[in-house]
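*Asks:* need coordinates for the following:
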Amino acid sequence: MSVKNFLNIPIDETPPELALSVELRCRDIMASDDTDNIKRYATHLVRHQAKQDVFLASILSYLVETEATLALAEIRKNKEKTKNWRKFFRK
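*Replies:* The predicted structure is shown next:
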């Protein structure tokens, strides 16, 4: 399954240069016989991914909160407009 859109934000495809770079790095790791460096690299990646997950979660939380605030302000603005029209027709 490929997600193309998340929270109305389009998600771009991975650029070919980046995909190639990642593939070359993966092949270098698979060809390596140095298990100690691979273990250090893997643990570093796990820690780095955890930091990225926390960062992305905080950004998404902020984005959702901002969208909710904006939607609430828009609802209030529309409610004020309809309130003025109601007063006009009651007279």
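*Asks:* so after the worst-scoring helix or strand of the chain on mean pLDDT, what's the next helix or strand?
*Replies:* Every helix and strand of the chain was ranked by mean pLDDT, DSSP states H and E. The lowest is strand 5-6, at a mean of 68. Helices and strands here follow DSSP states H and E; after strand 5-6, the next one along the chain is strand 9-10.
*Asks:* pull the residues that contact that following strand.
*Replies:* Strand 9-10 is contacted from outside by residue 4, using CB atoms under 8 Å, 6 or more residues apart in numbering. The C-beta positions use only the backbone N, C-alpha and C, and glycine is treated the same way.
*Asks:* going forward, the N-terminal residue is numbered 18.
*Replies:* Got it, the first residue is 18 from now on, which makes the last one we talked about strand 26-27.
*Asks:* strand partners (parallel or antiparallel) of that strand?
*Replies:* strand 22-23 (antiparallel) (DSSP bridges).
*Asks:* check contacts around residue 70.
*Replies:* For residue 70, no residue meets the contact criterion (CB under 8 Å, 6+ apart).
*Asks:* avg pLDDT for the helix or strand containing it?
*Replies:* Counting by DSSP H and E, the secondary-structure element that holds residue 70 is helix 52-107. Across helix 52-107, pLDDT averages out at 86.
*Asks:* can you check stretch 28-39 too?
*Replies:* When pLDDT is averaged along stretch 28-39, the result is 87.
*Asks:* C-alpha coordinates for it, CSV please?
*Replies:* As requested, C-alpha coordinates have been extracted for stretch 28-39 and formatted as CSV (Å, rounded to 0.1, in the frame of the first residue of the first chain):
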residue,chain,number,x,y,z
ILE,A,28,3.5,13.0,-0.4
ASP,A,29,6.1,13.1,-3.1
GLU,A,30,7.7,10.0,-4.5
THR,A,31,11.3,9.3,-3.5
PRO,A,32,13.7,11.0,-5.9
PRO,A,33,15.7,8.5,-8.0
GLU,A,34,19.0,10.0,-6.7
LEU,A,35,18.0,9.3,-3.1
ALA,A,36,16.7,5.8,-3.9
LEU,A,37,20.0,5.0,-5.6
SER,A,38,22.0,6.4,-2.7
VAL,A,39,20.0,4.3,-0.2
